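Engineer: generate coordinates for the sequence data below:
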Amino acid sequence: MHWQYSDILLIVAVVGITLFYSIWFYKKSTKIGLDYAKFFLLSSFIFQYLFKVLHLKYGFIFSYLFRISLVVFIIVYVKDIFFSEDVSSELEEKQPTSKKKIYSIILNTITVLCIIIGAQFKILHWEFGWINGNILLSVGLVTATISIIFGIKKS
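Structural biologist: Numbering: from 1, shown residues only. From the prediction side, this is the model:
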C-alpha cells in the first residue's frame, strides 16, 4: 500500500524478528536439522528483504539464496514431520496416531507452506498462471483459521 514510514516499520520488525530468533536459536540446547533450516531461511529472507527494500546492489544473490533456503526448509520440514524415525524429542512426543492429530499436522503444513511461499510471491511480484501471492496467502490464512477452529477443545 506504500504507506508513509512503512519501510522503516518493516525494517525495524525484520531486525526485531532476527534478533529475537537469533537469541532463541543460540540459547536452544539441542538443535535439530529443522532448526538450522529455519535459521538459514530466516537469515536469507532478512538479507534478501533488506537488499530489496534499500535498493542495494547484488540483491539478486540473496534472492537466489532465499529460494534455495526455502526449498531446503520445505524438504527438511516434510522429512522431519512425516519421515522421522526418531520418536523422542525435547517434549517426548509420540508419533500422531489419531486422525484428528494427523489432519492437524497436514493443515498446519499447508498453512506454513502457503504463507511462506505466498509471501515470497507477493514480495517478488511473481505469478504462476492464476496462482499469485494473494491466492496463496488467502489459502494459508483460511487453513490457519480452520486449524484454530478445529483445534479448540470442547469443554
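Engineer: got the domain boundaries for the protein?
Structural biologist: The chain breaks down into these domains under automatic domain parsing: 1-88, 96-155.
Engineer: would you format those domains as a markdown table with mean pLDDT and mean neighbour count included?
Structural biologist: C-beta coordinates here come from the backbone N, C-alpha and C atoms, glycine included. Conversion of these to a markdown table gives the following (pLDDT from 0 to 100; neighbours: other C-beta atoms under 10 Å):
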| stretch | mean pLDDT | mean neighbour count |
| --- | --- | --- |
| domain 1-88 | 79 | 14 |
| domain 96-155 | 77 | 14 |
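Engineer: with adjacent residues omitted, what lies nearest to residue 138?
Structural biologist: Distances taken as C-beta to C-beta, 6 or more residues apart in numbering place residue 118 nearest to residue 138, at 7.9 Å, with adjacent residues excluded.
Engineer: so in the protein, which helix runs the longest?
Structural biologist: Taking residue count as the measure and DSSP state H as the definition, the longest helix of the chain comes out as helix 99-124.
Engineer: give me the helices and strands touching that helix, please.
Structural biologist: Using 3 or more C-beta pairs under 8 Å, 6 or more residues apart in numbering; DSSP states H and E as the contact test, the elements touching helix 99-124 are helix 33-53, helix 59-82, strand 131-132, helix 133-151.
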